[in-house]
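J.: Give me a model of this one.
(4 chains)
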Number of protein chains: 2
Amino acid sequence: MNTVTSYSNAKPIFVAVDNVIFGFDVAAERLKILLFKRQIEPFKGRWSLVGSFVKPEESTLSASMRILSKFTGLSDVFLEQLRCYGAVDRDPEDRVISIAYYSLIQLDEPQKKLVEVHNAAWFELQDLPNLVLDHEHMVEDALARLKENARRRPVGFNLLPAKFTLPQLFKLYQEIYQLPIDDRNFRKKILATGLLNKLGTKDKSGSKKGAFHYAFDRSKYIELEMQGYHIEFH
Amino acid sequence: MNTVTSYSNAKPIFVAVDNVIFGFDVAAERLKILLFKRQIEPFKGRWSLVGSFVKPEESTLSASMRILSKFTGLSDVFLEQLRCYGAVDRDPEDRVISIAYYSLIQLDEPQKKLVEVHNAAWFELQDLPNLVLDHEHMVEDALARLKENARRRPVGFNLLPAKFTLPQLFKLYQEIYQLPIDDRNFRKKILATGLLNKLGTKDKSGSKKGAFHYAFDRSKYIELEMQGYHIEFH
DNA sequence: TCAAAAGTGTTGGGATTACACCCATGG
DNA sequence: CCATGGGTGTAATCCCAACACTTTTGA
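T.: Numbering: from 1, shown residues only, chains lettered A, B, ... in the order given. The predicted structure follows:
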């Protein structure tokens, strides 16, 4: 870089990233979002999406991954950009634009413990506290995007463990759409994608009879991630 | 704002907007994109999307509207955010992130003249020059978004004049998808949306027989813009 | 009268909805 | 043996793709 840039007429702006991290609590059958208590003024101590300023030497995506990793210990999980929030007065303290990302992760028991370290906690969608700045808007947009994506791409599997059951998958989709779905048709549609491999084992935690374990077919996943599809859940 | 901000640990970054402006040349039956010759180093004189740095006192959306208006004279047209491009090395001169927007406008004869003032020109999709930075990537993403949107929302009408004919609309969709479409099924589907009002007049510029003028129903447009639909064009 | 574009309908097949009962098991 | 959740099938309907000819009119 030049010490005297040709961009010297322009004024730089603070750039932040904020992550809408979704987790599916299989035990509770609830879709949840990770929030933490903001560490800096203004609004210190209030609930916020997990975020950070973007450093000069990292991309916005890297910044998002850094934060995701810091709070969940995870890397190599589903993480996509949502959009940029660029209103002038979105932060009363200074001019800050934020790039929102959203992420889908497995929310297991170790994960629940882990986040406590950072003053973070998992909240049900129906039970979110007031959030700082425009973060409620970000959550709303992220949820809309998740709904849209779930009917076009095999994103749901990112929220489940490697082995899962059809009843679990079914409950997840009901949570995403917050609607009752016909379970027989759901099975037909989801099996018809070819994404699921039935395993020989059963999960007996949910019933006497037990439900078969499934794993998703990674190569088929990649294929459909590219092509896309369109499934309407009723 | 405080003179000493509590964000003083963070380093601000240059923020730009870039616009992918689509216009449909009804006469040529071609979808086109507006480009201009970059005015500043580096890459001065090379073809670029129209863009600008974001000023501290304007939102990213305002910046995008400012640029759109400067080059086309238009306001109050279709303009949506595409996404943020935040790679560290996307601009070799300095750290600059860019928020890309895309816009759909009517490309009539006056418009063609107007842009020449700013060293700008309209290019067919198949005939784009090499673009600076990551602008080719932006165009690619914008086109993918347009295709996606055109099957879910009534966006196509933004590219046509107030009165248009079904053959024109049909040609537009063929341009968007760059595929041959069955014209009878296309008419059925597009008329079934209830978006079109048939006018009594005809446009005889395209044929001896003449094609009926249509206008789109604004209230139905708003309704479907909210609800969305799903049409596959074959 | 003919060239050139506009306009129009039907049918067969595939997909989707709606819907209710049997299965397996542990206690 | 029974309560609980897991798993299964079909018929009726709707939707959609495929497909070719007639109309209008200016030159």
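
J.: could you show me where the helices are in chain A, in order?
T.: With DSSP state H applied, chain A shows helices at A:60-72, A:109-116, A:135-150, A:166-177, A:183-192, A:218-227, listed in chain order.

J.: Distance to B:Leu31 and mean neighbour count added to those helices, as TSV?
T.: Every residue, glycine included, has its C-beta placed from N, CA and C. As requested, these are exported to TSV (distance: least, CB to CB, whole Å; neighbours: other CB atoms under 10 Å in any protein chain shown):
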stretch	distance to B:Leu31	mean neighbour count
helix A:60-72	30	20
helix A:109-116	47	13
helix A:135-150	25	18
helix A:166-177	35	19
helix A:183-192	35	14
helix A:218-227	24	12
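
J.: would you turn those helices into TSV with distance to DNA strand C and mean pLDDT?
T.: Supplementary listing: the helices of chain A in TSV, determined by distance: least, CB to the nearest atom of the strand, whole Å; pLDDT from 0 to 100:
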stretch	distance to DNA strand C	mean pLDDT
helix A:60-72	34	97
helix A:109-116	21	91
helix A:135-150	15	97
helix A:166-177	12	96
helix A:183-192	4	95
helix A:218-227	15	91
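
J.: How about residues contacting stretch A:30-46?
T.: The set of residues that contact stretch A:30-46 without belonging to it, under CB atoms under 8 Å, 6 or more residues apart in numbering or on different chains, is A:19-25, A:47-50, A:71-72, A:92-93, A:107, A:115, A:118-125, A:128-133, A:139, A:159, A:172, A:175-176, B:6-7.

J.: So which of the residues you listed sit within strands?
T.: Among the contacts of stretch A:30-46, the members falling in strands (DSSP state E) are A:19-25, A:47-48, A:50, A:120-124.

J.: Okay, and the beta partners of the residue nearest the centre of chain A?
T.: By CA atoms, centre = their mean, chain A has its centre lying nearest to A:Ser103, at 2.9 Å. Judged by DSSP bridges, the bridge partners of A:Ser103 are A:Ile21, A:Leu79.

J.: Quick check: A:Leu224 touching A:Ala192?
T.: No. Counting by CB atoms under 8 Å, A:Ala192 is not a contact partner of A:Leu224; they are 11.6 Å apart.

J.: which ones are touching A:Phe14?
T.: Applying CB under 8 Å, 6+ apart, one finds that A:Phe14 lies in contact with A:Phe53, A:Asp94, A:Arg95, A:Val96, A:Ile97, B:Tyr7, B:Ala10, B:Pro12, B:Ile13.

J.: Try it again at 6 Å.
T.: Each residue near A:Phe14 by CB atoms under 6 Å, 6 or more residues apart in numbering or on different chains is listed here: A:Val96, B:Tyr7, B:Ala10, B:Pro12.

J.: farthest pair in the ones in strands among the contacts of stretch A:30-46?
T.: The distance between the two most remote of those (CB to CB) is 21.7 Å, for A:Phe24 and A:Ser48.

J.: ok, the two, which is more surrounded?
T.: A:Phe24 (27 against 21; other CB atoms under 10 Å in any protein chain shown).

J.: What confidence value was assigned to the nearest residue to the more buried one once chain neighbours are set aside?
T.: Residue nearest to A:Phe24 in three dimensions, not counting chain neighbours: A:Leu159, with 3.9 Å by CB to CB, 6 or more residues apart in numbering or on different chains. Turning to A:Leu159, the model gives it a pLDDT of 97.

J.: who in chain A is up against DNA strand D?
T.: Within chain A, the residues that sit near DNA strand D (CB under 7 Å from any atom of the strand) are A:165-167, A:183-185, A:187-188, A:202, A:206-212.

J.: try 10 Å this time
T.: Taking CB under 10 Å from any atom of the strand as the measure of proximity, chain A contacts DNA strand D at A:165-171, A:182-188, A:191, A:198, A:202-214.

J.: Tell me the buried residues within the contacts of stretch A:30-46.
T.: A:19-25, A:47-50, A:71-72, A:93, A:107, A:115, A:120-123, A:131-133, A:139, A:159, A:172, A:175-176, B:7 (16 or more other CB atoms under 10 Å in any protein chain shown).

J.: Which member of the contacts of A:Phe14 is positioned nearest DNA strand D?
T.: Sorting these by distance to DNA strand D puts A:Val96 at the head of the list, at 44.8 Å, by CB to the nearest atom of the strand.

J.: Now the closest one. Nearest residue, chain neighbours left out?
T.: Nearest residue to A:Val96 in three dimensions, chain neighbours excluded: A:Phe14, at 4.1 Å (CB to CB, 6+ apart).

J.: what's the answer for A:Ile97, then?
T.: Counting by CB to CB, 6+ apart, A:Ile97 lies nearest to A:Gly86, which is 4.5 Å off, once chain neighbours are set aside.

J.: One more: A:Phe216?
T.: If you skip the residues right next to it in sequence, A:Phe216 has A:Phe157 as its closest partner in space, 4.6 Å away by CB to CB, 6+ apart.

J.: check contacts around A:Lys171.
T.: The contact partners of A:Lys171, by CB under 6 Å, 6+ apart, come to A:Glu29.

J.: tally of neighbours for A:Gln39?
T.: As a burial measure, the neighbour count of A:Gln39 was computed by other CB under 10 Å and equals 10.

J.: what pLDDT does it get?
T.: Per-residue confidence (pLDDT) for A:Gln39: 91.

J.: try the one 4 residues further on
T.: The predicted local confidence for A:Phe43 comes out at a pLDDT of 94.

J.: Can you report how many residues neighbour it?
T.: Other residues close to A:Phe43 by other CB under 10 Å number 16.

J.: And it, how far from chain B?
T.: 11 Å (CB to the nearest CB, to the nearest Å).

J.: neighbouring contacts of stretch A:81-95?
T.: Applying CB under 6 Å, 6+ apart, the external contacts of stretch A:81-95 come out as A:13, A:42, A:97-102, A:133-134, A:141-142, B:1, B:5, B:7, B:56, B:59-60, B:81, B:83-84, B:99.

J.: If we use 8 Å, what do you get?
T.: Residues outside stretch A:81-95 that contact it (CB under 8 Å, 6+ apart): A:13-14, A:20, A:41-42, A:60-61, A:64, A:96-102, A:133-134, A:137-138, A:141-142, A:145, B:1-2, B:5-7, B:15, B:54, B:56-62, B:81, B:83-84, B:99.

J.: to the chain's geometric centre, what's the distance from that stretch?
T.: Chain-centre distance of stretch A:81-95: 20 Å, with CA atoms, centre = their mean, to the nearest Å.

J.: end-to-end on that stretch?
T.: 21 Å (CA to CA, to the nearest Å).

J.: List the buried residues in it.
T.: Residues of stretch A:81-95 classed as buried under the neighbour-count rule (16+ other CB under 10 Å) are A:81-88, A:90-91, A:93-95.

J.: Next, format those residues as JSON lines and append distance to B:Leu31.
T.: Conversion of the buried residues of stretch A:81-95 to JSON lines gives the following (distance: CB to CB, whole Å):
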{"residue": "A:Gln81", "distance to B:Leu31": "26"}
{"residue": "A:Leu82", "distance to B:Leu31": "27"}
{"residue": "A:Arg83", "distance to B:Leu31": "24"}
{"residue": "A:Cys84", "distance to B:Leu31": "26"}
{"residue": "A:Tyr85", "distance to B:Leu31": "30"}
{"residue": "A:Gly86", "distance to B:Leu31": "28"}
{"residue": "A:Ala87", "distance to B:Leu31": "31"}
{"residue": "A:Val88", "distance to B:Leu31": "33"}
{"residue": "A:Arg90", "distance to B:Leu31": "34"}
{"residue": "A:Asp91", "distance to B:Leu31": "39"}
{"residue": "A:Glu93", "distance to B:Leu31": "43"}
{"residue": "A:Asp94", "distance to B:Leu31": "41"}
{"residue": "A:Arg95", "distance to B:Leu31": "36"}
